[in-house]
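> Sequence plus the predicted model coming up.
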Amino acid sequence: MAERSWIADALQEVSTLTCVKFVNRTTETDYVYVERGQSCWSYFGKIGGRQAVGLVKNGCMDKGAIQHEMNHALGFIHEQARSDRDKFVKIMWEHIMTGEQGNFGKVNSKNLGLPYDYSSVMHYGAYDFSRTPGKPTIVPVPNPSVPIGQREGLSNLDVAKINRLYKCNCCSSVLAKTKGSFFSVNYPSPYPNNSNCLWLIRIRRNKIFLQFEAFDLQSSPDCSSDYIKVYGGNSKNSPVLLDKYCGQGPLPSIVASGSTMLVEFASDETVTATGFKASYNRVSCGGTFTDSRGVITSPNYPNKYPKNRACFWVISSPVGYKVKNGFFH
Ligand SMILES: [Zn+2]
């Protein structure tokens, strides 16, 4: 069933980036039960026993919408219900459907010391519960054009919120813009001892092309101490695109087969190296090959290839082998 895998994928993102781990229920007495609902809904926080969350097949099956309902169960309110919301949004009461004003209340929340987040999966969209098409119910201030209500997936602050509430000791971030860059902690100064950090790159459609611009990680046999490892997906169970890599070797480049990529960085107790700097962009075609042999074709081959395409293929060989044709595009 497709819904089951969408739900699993959405919850996997939470499990990867926070210390909240979703596992299949076996004999637990308190657990969450996802039911096919008439609406998308959830209790706030733990109720105890079999606790339902309602999801609608064609209503709230986006990754961020599933996470939204599950976040309520984890104890999170709507972002625009925060105690400090009036500094960030204006509620247009006159445009709200009759009887729905209760959805726009404010809570005396403490907000975990984290800033207001327009890009939270817990934020309503501008037109939610509007009585007149085109008339917004929520307007960001002072800049009314700031997007609100995304349901692509957890924002960086959504992850920080979960990690703070559940006292997780996690170093993880989300990169959700179409392109961007990131680097090891303290870069270009040496990175800290015993760190383990994750970056989840998630873009809309397309594929992710990741390039390292600087790379200096302490060498060790099999790169077992300090390393970078890259996965094509949102968990450490996703296919490995770049296995443990260290030293000052050639700068790696990787193309993910999909629109999510997970970058893992680890260091041991003795650090003398400066770390890495990487940037990513979106590409419409290409891929990463890790098998010992393979075939690459242009898009649509043997038909005509499309206009205006830049494709990247990365060929990486198993340790101990050399790639014959190297990296080209
Ligand atoms: Zn909600």
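Perfect, thanks for sending it. Quick caveat: nothing in here was measured; it's all calculated off a predicted structure. Residues are numbered from 1 along each chain as shown.

> Identify the single longest helix in this structure, thanks.
Counting by DSSP state H, the longest helix found in the chain is helix 2-17.

> What is the very next helix or strand once past it packed up against?
Beyond helix 2-17 on the C-terminal side, the first helix or strand identified by DSSP states H and E is strand 31-36. Of the remaining helices and strands, those touching strand 31-36 by 3 or more Cβ pairs under 8 Å, 6 or more residues apart in numbering; DSSP states H and E are strand 50-55. Heads up, the C-betas are built off the backbone N, CA and C, glycines and all.

> For the strand it packs on, what is the distance to the chain centroid?
Averaging C-alpha positions (Cα atoms, centre = their mean, to the nearest Å) puts strand 50-55 24 Å from its chain's average.

> Just the mean pLDDT for the helix or strand following it, thanks.
Scanning the chain past strand 50-55 towards its C-terminal end, the next helix or strand to appear is helix 63-74 (assignment: DSSP H and E). Helix 63-74 shows a mean pLDDT of 97.

> okay, now the domains of this protein?
The chain resolves into domains spanning 1-140, 170-328 when parsed by the TED database.

> In three-state terms, label the closest residue to Asp117 other than its chain neighbours for me.
The shortest distance from Asp117 to any residue other than its chain neighbours is 4.0 Å, reached at Leu157 (Cβ to Cβ, 6 or more residues apart in numbering). Recorded secondary structure, Leu157: helix (DSSP: H, G, I helix; E, B strand; the rest coil).

> How about the contacts made by Leu157?
With Cβ atoms under 8 Å, 6 or more residues apart in numbering as the criterion, the residues that contact Leu157 are Leu114, Pro115, Asp117, Ser119, Ser120.

> sorry, back to before: against which helices or strands is the longest helix of the chain packed?
Contacting helix 2-17 under the criterion 3+ Cβ pairs under 8 Å, 6+ apart are the following elements: helix 63-74, helix 156-165, strand 171-175, strand 196-202.

> Check which strands are paired with the helix or strand following the first one and give the direction for each one.
The element immediately downstream of helix 63-74 (helix or strand, assigned by DSSP H and E) is strand 89-91. Strands flanking strand 89-91 in the sheet, each with its direction: strand 138-140 (antiparallel) (DSSP bridges).

> What separation is there between the residue nearest to Thr29 when sequence neighbours are not counted and Asp30?
Counting by Cβ to Cβ, 6+ apart, the nearest residue to Thr29 once its immediate chain neighbours are dropped is Gly49, at 6.7 Å. Summarising the geometry, the distance separating Gly49 from Asp30, computed by Cβ to Cβ, to the nearest Å, is 6 Å.
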